[in-house]
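1. model this:
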Amino acid sequence: MERHPTLRERIVDFVKEAILKGRLKPGERVPEPELAEMFGISRTPVREAFRQLESEGFITFTPRKGAVVSPITDKDVKEFYAIKGMLEGYAAKMACCKLSDEEIKRMEDLNLQMAKCAEKNDAKNFFKLDNQFHDIFLKICGNDKLYNLIHTLVQQFERFRRTSLSLPGRMQSSVNQHADIVEAFKKRDVDLVERLVKANAEKGGELLAQEILKEKI
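-> Have a look, this model is predicted:
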């Protein structure tokens, strides 16, 4: 039976889409009363949604304005993706010889689904599938603390990843990189797997940082 999203989840999705599509810009106020009125609800679910959006890096609270859209700087992006690349690369290396053939096949199938999303320019579903793809080797690496650390980190910077995937051509290049990662896992090439997973993260960061710098000019 399909689970219907809660009020908080609906508000979170609504605000995220508005930010990612540029309807709400960095530094702009996210209006709590208007959202409550729009959804026909009290302000409590809106405040709960704001707490989640803050933890995922979408909004920041300021003394006079309240909730505003967080800015994205090229420095923040480079730092996040450098850490993500190192941690995920190490996890992939640890998982390389532990992954079963069925798990590698599952990664391959997920990547085929991502290729279809890339063709349709469906960044929202691509993002969900991308999480599942990475989650397979992260769980198998055998280090629970590392898994929790990466999970917390990527959750905190979800906005960066979703913005990066929305850039022209990024989804398709990610599909190509994933295909190389799957082949390296099949060969059980530990060092190559680590390098490719690290490069996959770094490419996303590099493209997003370039885009931010371009907008500053």
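
2. got the contact list for L129?
-> By CB atoms under 8 Å, 6 or more residues apart in numbering, the residues touching L129 are L110, Q113, M114, C117. (C-beta placed from N, C-alpha, C; glycine too.)

3. gap between the residue lying closest to L149 once chain neighbours are set aside and K198?
-> Spatial nearest neighbour of L149, chain neighbours left out: L87 (6.6 Å); criterion: CB to CB, 6 or more residues apart in numbering. From L87 across to K198, the span is 9 Å (CB to CB, to the nearest Å).

4. same deal with V154?
-> V154 is 15 Å from K198, by CB to CB.

5. over to N148?
-> Counting by CB to CB, the gap from N148 to K198 is 20 Å.

6. my guess is L165 contacts V175, does it?
-> No: if you go by CB atoms under 8 Å, L165 and V175 don't touch, sitting 10.9 Å apart.

7. hmm, which helix or strand of this protein has the shakiest average pLDDT?
-> When the helices and strands of the chain are scored by mean pLDDT, DSSP states H and E, helix 158-165 comes last with a mean of 87.

8. what's that one in contact with?
-> Helix 158-165 has contacts (CB under 8 Å, 6+ apart) with 16, 19-20, 56-58, 70, 72, 76-77, 80-81, 123, 126-127, 130, 154, 170-171, 174, 204-205, 207-208.

9. mark which of those are buried, thanks.
-> Those of those that meet the buried threshold are 16, 19-20, 56-58, 70, 72, 76-77, 80-81, 123, 126-127, 130, 154, 170-171, 174, 204-205, 207-208, by 16 or more other CB atoms under 10 Å.

10. so where is this structure shaky, pLDDT-wise?
-> Applying pLDDT under 70 to the chain picks out residues 1-3, 215-217.

11. what about the helices in it?
-> 7-20, 32-39, 43-55, 74-95, 101-120, 123-140, 144-156, 158-165, 170-187, 190-216 (DSSP state H).

12. the inter-axis angle of the longest one versus helix 158-165?
-> Here helix 190-216 runs at an angle of 90 degrees relative to helix 158-165 (axes from the mean of the first three to the mean of the last three CA atoms, to 10 degrees).

13. got the buried residues for helix 190-216?
-> Neighbour-count burial for helix 190-216 [16+ other CB under 10 Å]: 190, 192-205, 207-209, 211-212.

14. the first one now?
-> Within helix 7-20, the residues that count as buried by 16+ other CB under 10 Å are L7, R8, I11, V12, V15, K16, A18, I19, L20.

15. which pair in those residues spans the largest distance?
-> Spatially, the most separated pair among the buried residues of helix 7-20 is L7 and L20, at 20.5 Å (CB to CB).

16. would you map out the domains in this protein?
-> Per automatic domain parsing, the domain ranges recorded for the chain read 7-69, 74-216.

17. any idea how far the longest one is from the chain center?
-> Looking back up the chat, that one is domain 74-216. Relative to its parent chain, domain 74-216 has a centroid offset of 9 Å by CA atoms, centre = their mean, to the nearest Å.

18. stretch 27-37 too?
-> Relative to the centre of its chain, stretch 27-37 is centred 24 Å away, using CA atoms, centre = their mean.
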